[in-house]
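Asks: fold the following and give me the result.
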Amino acid sequence: MRITFKLYASLTQHLPTDARHSNQVEIEAPDGATIAQIIEPYGLPEKLVHLVLVNGVYVPPEQRLSFVPEEGDVLAIWPPIAGG
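Replies: Here you go, the predicted structure:
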């Protein structure tokens, strides 16, 4: 299945070099792959995988091992962000 994979802030360094300026890459994920399986090859530190959205809908940590995106979905991940 083809999905759009987006990483934000400091996580963009885990994307291929040519995709970092746009912070996204189109990927081919195996059918039935969960969010955890899709992001594993990118080497994202688990503590930095904070906010996970599929098509703009939040996926809580307890569902990331079982949630399976569908063809054409957009998977977006943000690290923890502090502000003031």
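
Asks: what ranges do the helices span in the chain?
Replies: 35-39 (DSSP state H).

Asks: where does the protein dip in pLDDT?
Replies: Segments of the chain classed as low confidence (criterion: pLDDT under 70) are 83-84.

Asks: what segments of it are strands?
Replies: 2-7, 24-28, 51-54, 57-58, 74-78 (DSSP state E).

Asks: distance to residue 44 and mean neighbour count added to the ones you listed, as TSV?
Replies: (C-beta placed from N, C-alpha, C; glycine too.) Below are the strands of the chain laid out as TSV (distance: least, C-beta to C-beta, whole Å; neighbours: other C-beta atoms under 10 Å):
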stretch	distance to residue 44	mean neighbour count
strand 2-7	8	18
strand 24-28	13	13
strand 51-54	10	16
strand 57-58	17	8
strand 74-78	7	19
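
Asks: need the contact list for the nearest residue to residue 48 once chain neighbours are set aside.
Replies: Distances taken as C-beta to C-beta, 6 or more residues apart in numbering place residue 79 nearest to residue 48, at 4.3 Å, with adjacent residues excluded. By C-beta atoms under 8 Å, 6 or more residues apart in numbering, the residues touching residue 79 are 8, 9, 10, 11, 48, 49, 50.

Asks: coming back round to it: what's the closest of the strands of the chain to residue 41?
Replies: With C-beta to C-beta as the criterion, residue 41 lies closest to strand 24-28 of the strands of the chain, at 9.2 Å.

Asks: ok, residues contacting that closest one?
Replies: With contacts defined as C-beta under 8 Å, 6+ apart, strand 24-28 is touched by 1, 2, 3, 4, 5, 6, 7, 15, 16, 19, 38.
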